[in-house]
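Peer 1: Predicted model and sequence below, questions to follow.
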Amino acid sequence: MIFFKAFLVAGTFCFLAQVLMDNTKLTPGHITSLFVIIGAVLSFFGLYSKLIEFGGAGATVLISNFGHMLYTSAIEGYHEVGILGLASGLLVKSSLAIVSAVVFAFIFALLFKPKS
């Protein structure tokens, strides 16, 4: 049942992204940015935490989870430090994901040649 719930959540997000790509002129970059914003908005209303409880990894591996992590770490920084904590705490939870993406992109850029 755990796998089914994860598939249901992740599949729904992927389905929505595919519908947006097929029926609008939005690029994958626009859709990625939109999903980050959707994750932050759902987190603002307290819905993304419930989505994580329901879908588990199906909700935590998506790009919308990046928006959730940005929002929650900014709010925690605000509660700890004040208004300056919004900016200083913004990347606390997501810094590992950002650094690993940059490192792996660099490694793969060294290993593989782009198609011309």
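Peer 2: Nice, thanks for sending it over. Numbers count the residues shown, from 1 in each chain.

Peer 1: Now do the helices in the chain.
Peer 2: 2-23, 28-44, 47-55, 57-60, 64-81, 83-88, 95-111 (DSSP state H).

Peer 1: Could you tell me the least trusted of those?
Peer 2: Per-stretch mean pLDDT for the helices of the chain is lowest at helix 83-88 (a mean of 86).

Peer 1: isn't Phe44 right up against Thr72?
Peer 2: No: counting by C-beta atoms under 8 Å, Phe44 sits too far from Thr72 to count as a contact (9.9 Å). All C-beta spots, glycine's among them, are computed from the backbone N, C-alpha and C.

Peer 1: The two: which is more packed in?
Peer 2: The residue with more neighbours, out of Phe44 and Thr72, is Thr72; 19 against 14, by other C-beta atoms under 10 Å.

Peer 1: what separates that one from Lys93, distance-wise?
Peer 2: 7 Å (C-beta to C-beta, to the nearest Å).

Peer 1: before we move on, what about Glu80?
Peer 2: Taking C-beta to C-beta, one finds Glu80 at 13 Å from Lys93.

Peer 1: more crowded one of those two?
Peer 2: Legend: neighbour count by other C-beta under 10 Å for Glu80 and Lys93, higher for Lys93 (18 against 11).

Peer 1: got the contact list for that one?
Peer 2: Met69, Leu70, Thr72, Ser73 (C-beta atoms under 8 Å, 6 or more residues apart in numbering).

Peer 1: Roughly how far does it sit from Met21?
Peer 2: From Lys93 over to Met21 (counting by C-beta to C-beta), the distance is 28 Å.

Peer 1: between the contacts of Lys93, which is nearest Thr27?
Peer 2: Nearest to Thr27 among the contacts of Lys93: Leu70, at 21.4 Å, using C-beta to C-beta.

Peer 1: my guess is the closest one meets Val92, correct?
Peer 2: No: contact criterion C-beta under 8 Å: Leu70 and Val92 do not qualify, at 9.7 Å.

Peer 1: Which one's more surrounded, the two?
Peer 2: Neighbours per residue (other C-beta under 10 Å) separate Leu70 from Val92, with Leu70 holding more: 21 against 17.
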